[in-house]
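Student: Sequence first, then the predicted structure, then my questions.
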Amino acid sequence: MIEISLDEGKVYKTNADGSKSVLKREEEVVQKFLNCDEVLATKDDVEMFGYFFDTLAKTNEWISYYDEPTRKLRYKYEEGSPMVSCLLEATVDAPIMHVLSLFCEIDLFKNWFPNVTSCDVIKELSPSRGLYSCK
């Protein structure tokens, strides 16, 4: 039996006598786990969210357009570009699958939202997980 201890960051194998031994990173079962789709997607998530939260951390660059309990809109002028970035935070009263399904149709945003001329995928991890740009 294989046991993963998140607190310790170790992977244990239960031996025939009931004792536990730590598996080394080089062992086949550990490599198989580290290279499974779920772990690789999690690594991509960490990278994507790191980029996202680094951008958001610079709050002094964002100008608040409105700030209400269920929605907030901020914008900033991009250095060296005529573009304006918008950050929208909102509460949506709908089933999560309905909201997530919108991101499967990112290429149609320009048809649904006035003044949006293009939508691009910056990084896509799956059809419903990614970082997108609408202009």
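Tutor: Nice, thanks for sending it over.
Student: Show me the beta-bridge partners of Arg74.
Tutor: Legend: beta-bridge partners of Arg74 under DSSP bridges are Ser64, Leu87.
Student: Now the element after the helix or strand of the chain with the lowest mean pLDDT, going C-ward?
Tutor: None of the helices or strands of the chain scores lower by mean pLDDT, DSSP states H and E than strand 2-5, at a mean of 65. Next helix or strand after strand 2-5 toward the C-terminus (DSSP states H and E): strand 10-14.
Student: That following strand pairs with which strands?
Tutor: strand 2-5 (antiparallel), strand 20-22 (antiparallel).
Student: give the contact list for the nearest residue to Leu88 once chain neighbours are set aside.
Tutor: Leaving out its chain neighbours, the residue that sits closest to Leu88 by C-beta to C-beta, 6 or more residues apart in numbering is Leu73, at 5.4 Å. Placement of C-beta: from N, CA and C, glycine included. Residues in contact with Leu73 (C-beta atoms under 8 Å, 6 or more residues apart in numbering) are Ser64, Tyr65, Tyr66, Asp67, Cys86, Leu87, Leu88, Glu89.
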